[in-house]
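> Sequence isn't available, so here's the structure alone:
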DNA sequence: GTAGGGTTAG
């Protein structure tokens, strides 16, 4: 009797407690607790369990724990209740300890833990518990799979996810809505959108959860348009649009605007604001404006649409605001570089009692960086008490974006002292700083660290490595890393193509461009800039024009770097009017554009125009830099304006505070040399800080050759023998000077000296654009091997007629043997052309042809053969594109200046840094034998 | 008694 009464009492109390749990009424529950104690019911396990649950539901974890600790007897439910309470309160470690110590577990114990770990972003731990559960012989339920599938999605663990899916089907649990949605969500999160859609289609009654999962999955895989359609279908199909769906669709639209989507779908950007307003209306209609997460998504979208007015408006009318809302606003202003507004918001939020968190500071850092105030960013960074890796990264990338590479590297050192470990972003930023400073050794260290941390296969890190190695001169290493990459995006391709362009591996650049388009990667302005620069290096005008056309269609034409590259390309192809047209059409110009145009005039022998343009530039905001002066000084020397060169040289030092580099001195020596002011040039060299740099002596020697000054030429050559013993240039130059004077004995003496000392003339390469293909020719290489390779590869070989006898007779006696060989080689190339299609030969083609070949004599010889238009020969006797290449190398490779100047000016034979195995691998290469 | 889809940053 007594027990029956107490049993009824207990049931009554349990029911009352359940009411308190449902309504989270703390006070009433506490009164019940008091009642339980007073009537000595505290030994009842069921009541004790309910009390644990009740306190947990009110967020009173401590009380929960107290009840549990004082229970005289406990069962599995009691343990599950306290574990659940800890999970609810976020004390996962505590929950785990309790789990480990409980005498007997059941499926619910596992499910509770799995769910909690999965929801708190500890997906791997959640899976570990799942595997443990199976090992201990517990059968997973639909509750288990709902969490486990979600964990697989969070880990992007497609394989584990598939295994779970299979197991679900095997157990026949695949008809549960939660599990079905779990499967869809898992595939969507893993990026396997086709599987997600298939799983979705197999659901008999999809609900708002299923639809939202697919929608987000579509957006994450750049199918923004389809994601929008999904939302429309959902709306029309009468499926409930809840707050999660609203928040998600706003995120989808925001994605379409923030440039994370391929360019063709970017038109969403234009209408995103409109879409935003439509969903905004829906939010109001459904009464969801009270949900912070929905309104936060809304202000985020307005912010991304650069519609800060509406963003502020929503913010002002929000019923509830949290830190995230403030952060979104700050990021919105940061994105448009309004750091003052962002800082003002920081003050406002603190005034309203909100404590800025890490995201706030990162947003502020971004705002300051964007507005260019990197010192302010650093100040904010210093105020942060314990910056996380993300904040360090934000600061590092701020420095890197502004070109403060040294600071970035220094900051990284500090980061290490603080024991903050780098991640992929850190390494990528660091690599780009190494690249900026050409710190190959440091870059290699970063490579080693990346490899150890297994980041070297990461898309961003690997692209950074490719860029670092190629910009630091290790193009083959760059290529190896590129080849080993598992996935490649447009940035990776751009890095590689930029490397090829930089190293004058233009044919590789073209091949890669084709390949990347075949793989469906859309080129960006960086791609085009590299490619156009490659065209420029080859003087490949028709390819250049084609690319120009594609650029105009693609909309990259207004890019400042693409524009500058086009100017360079046209100028190098001798098409100065078109270069100027590009320059005039540019919506904005920077110092690079000006330099490129001035340089273009200079290299095309339009010295005065270059100087005039330089004067125009001085009237604008843009300040000339070191390179501007190289261009304009080159112009002076080519135009024979030695005094002007000296005047500008002084201006540069005095007015613009620019320290003259070897290149500037070289220009001055060249200008004086061409003007036959050789003694003056010599005196100047002696006074120069860089008088031991071989290049200046080479230029002087070149000038001596033009003006037949044997004494000074000998002196310069002697100097070069000492400074650069393996350089063949002084021997060739000197020998050619003697040859020009008919001093054949001296010629053979120099040749003998050269061979005695083991100096070998480097090979030169020539190339030609013909029938829309760029063909490269290698001098002094084994013609037949390449020829055979071409046939093996199914490339139609081009016939080359060798008419040695004929040439020897036609040019007559008097020229040295070496000259015959050169002419013979050149004519080999010429015959190739004339044999194929002499009539269609354009002036540009011819310019391309001779740009790679030899001496003044030869140029004139060929010029009269094909009636080359008069204006293409400049006052110095060198063809336009020839000078262009000379200058282009000065621009990029200081080390090659010496060889290229000589090579092109005199036919010494040293050429660009092309390694022969690479060249012979080119499919469309032809080589011409010497001897 | 335990479950699924959502907001800010690099």
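Structure received. Source: prediction; values computed, not measured.

> quick one, what contacts the residue of chain A found nearest DNA strand B?
Nearest residue of chain A to DNA strand B (Cβ to the nearest atom of the strand) works out as residue A:77 at 2.7 Å. To be clear about C-beta, it is placed using only N, CA and C from the backbone, and glycine gets the same treatment. Applying Cβ atoms under 8 Å, 6 or more residues apart in numbering, one finds that residue A:77 lies in contact with A:45-46, A:49.

> in terms of contact, does residue A:248 touch residue A:214 like I think?
No. In this structure, residue A:248 is not within contact of residue A:214 by Cβ atoms under 8 Å, at 10.3 Å.

> who's more crowded, those two?
residue A:214 (26 against 23; other Cβ atoms under 10 Å).

> Need the three-state assignment for the more buried one.
Using DSSP: H, G, I helix; E, B strand; the rest coil, the structure places residue A:214 in helix.

> For it, give me its contacts.
By Cβ under 8 Å, 6+ apart, the residues touching residue A:214 are A:184, A:188, A:196-197, A:200, A:230.

> Run through those residues and flag the ones next to DNA strand B.
With the criterion set as Cβ under 7 Å from any atom of the strand, no member of the contacts of residue A:214 is near DNA strand B.

> Of those - the most surrounded one?
Within these, neighbour counts (other Cβ under 10 Å) peak at residue A:184, which reaches 29 neighbours.

> contacts for the helix or strand where that residue lies?
Here residue A:184 sits within helix A:177-189, counting by DSSP states H and E. With Cβ under 8 Å, 6+ apart as the test, helix A:177-189 has contacts from A:142-143, A:145-146, A:148-150, A:152-154, A:156, A:158, A:161, A:164-165, A:168, A:173-174, A:193, A:195-196, A:199-200, A:202-203, A:205, A:207, A:209-210, A:213-214, A:216-218, A:220.

> The same query, at a cut-off of 7 Å, please.
The contact list for helix A:177-189, computed with Cβ atoms under 7 Å, 6 or more residues apart in numbering, reads A:142, A:145-146, A:149-150, A:152-154, A:156, A:161, A:165, A:168, A:173-174, A:195-196, A:199-200, A:203, A:207, A:209-210, A:213-214, A:216-217.

> Show me just the buried residues among the residues you listed.
By the neighbour-count criterion of 16 or more other Cβ atoms under 10 Å, the contacts of helix A:177-189 include these buried positions: A:142, A:145-146, A:149-150, A:152-154, A:161, A:165, A:168, A:173-174, A:195-196, A:199-200, A:203, A:209-210, A:213-214, A:216-217.

> mind listing which of the residues you listed are in strands?
Among these, no member falls in strands (DSSP state E).

> and residue A:546, what element?
helix A:541-554.

> Run through the neighbouring helices and strands of that helix.
Packing partners of helix A:541-554 (3 or more Cβ pairs under 7 Å, 6 or more residues apart in numbering; DSSP states H and E): helix A:525-538, helix A:560-572, strand A:765-770.

> Columns mean pLDDT and distance to DNA strand B on top of those, output as a markdown table?
Below are the helices and strands packed on helix A:541-554 laid out as a markdown table (pLDDT from 0 to 100; distance: least, Cβ to the nearest atom of the strand, whole Å):
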| stretch | mean pLDDT | distance to DNA strand B |
| --- | --- | --- |
| helix A:525-538 | 85 | 19 |
| helix A:560-572 | 88 | 23 |
| strand A:765-770 | 46 | 42 |
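
> Near DNA strand B, which residues of the stretch 151-300 of chain A are found?
So the stretch 151-300 of chain A meets DNA strand B at A:153, A:176-178, A:181-182, A:185, A:207-210, A:212-213, A:216, A:242-248, A:251, A:254, A:291-294, A:296-297, A:300 (Cβ under 7 Å from any atom of the strand).

> change it to 6 Å
Neighbours of DNA strand B within the stretch 151-300 of chain A, by Cβ under 6 Å from any atom of the strand: A:177-178, A:181-182, A:185, A:207-209, A:212-213, A:216, A:242-245, A:247-248, A:251, A:291-294, A:296-297, A:300.

> try the stretch 301-450 of chain A
A:324, A:327-328, A:331, A:358-359, A:362-363, A:366, A:390, A:393-394, A:397, A:423, A:425.

> doesn't residue A:239 fall inside a strand?
No. Using three-state DSSP, the assignment for residue A:239 is coil, not a strand.

> Surely residue A:303 is in contact with residue A:313?
No. Counting by Cβ atoms under 7 Å, residue A:303 does not reach residue A:313; the two are 11.9 Å apart.

> who's more crowded, the two?
For residue A:303 and residue A:313, the more surrounded residue by other Cβ under 10 Å is residue A:303, and the numbers stand at 26 against 14.

> related to what we said a few turns ago, mind checking which of the residues of the stretch 151-300 of chain A next to DNA strand B are buried?
Members of these classed as buried by 16+ other Cβ under 10 Å are A:177, A:181-182, A:185, A:208-209, A:212-213, A:216, A:242-245, A:247-248, A:251, A:291-294, A:296-297, A:300.

> Quick check: phi and psi on the nearest residue to residue A:398 once chain neighbours are set aside?
Among residues not flanking residue A:398 along the chain, residue A:369 sits closest, at 3.7 Å (Cβ to Cβ, 6 or more residues apart in numbering). Torsion angles at residue A:369 (phi, psi; degrees, to the nearest 10) stand at phi -60, psi -50.

> Could you tell me how many residues sit around residue A:369?
Residue A:369, neighbours per other Cβ under 10 Å, totals 24.

> Model confidence for the residue lying closest to residue A:156 once chain neighbours are set aside, exactly?
Nearest residue to residue A:156, sequence neighbours excluded (Cβ to Cβ, 6+ apart): residue A:190, at 5.2 Å. You'll see residue A:190 listed with a pLDDT of 94.

> what do you get for residue A:435?
At residue A:435, the model reports a pLDDT of 91.

> okay, residue A:255: pLDDT?
89.

> nope, residue A:481 is what I was after
On pLDDT, residue A:481 comes in at 92.

> what number of residues lie near it?
Applying other Cβ under 10 Å, I find that residue A:481 has 26 neighbouring residues.

> Double-check that it belongs to a helix.
Yes. Assessed by three-state DSSP, residue A:481 belongs to a helix.

> who in the stretch 751-900 of chain A is up against DNA strand B?
Taking Cβ under 6 Å from any atom of the strand, no part of the stretch 751-900 of chain A reaches DNA strand B.

> Could you measure from the residue nearest to residue A:39 when sequence neighbours are not counted over to residue A:41?
Nearest non-adjacent residue to residue A:39, counting by Cβ to Cβ, 6+ apart: residue A:9, 7.5 Å away. Between residue A:9 and residue A:41 the distance is 7 Å, computed by Cβ to Cβ, to the nearest Å.

> all helices for the stretch 651-800 of chain A, in order.
Assigned by DSSP state H, counting those that start in this stretch, the helices in the stretch 651-800 of chain A fall at A:662-674, A:678-687, A:694-706, A:710-723, A:729-740, A:744-756, A:783-792.

> which other helices and strands contact the fifth one?
The one in question is helix A:729-740. Packing partners of helix A:729-740 (3+ Cβ pairs under 7 Å, 6+ apart): helix A:694-706, helix A:710-723, helix A:744-756, helix A:894-906.

> Packing partners of the third one?
With contacts defined as 3+ Cβ pairs under 7 Å, 6+ apart, helix A:744-756 has these neighbours: helix A:729-740.

> Per-residue pLDDT of the residue of chain A closest to DNA strand B, please?
91.

> Can you tell me the element it falls in?
Assigned by DSSP H and E, residue A:77 belongs to helix A:76-88.
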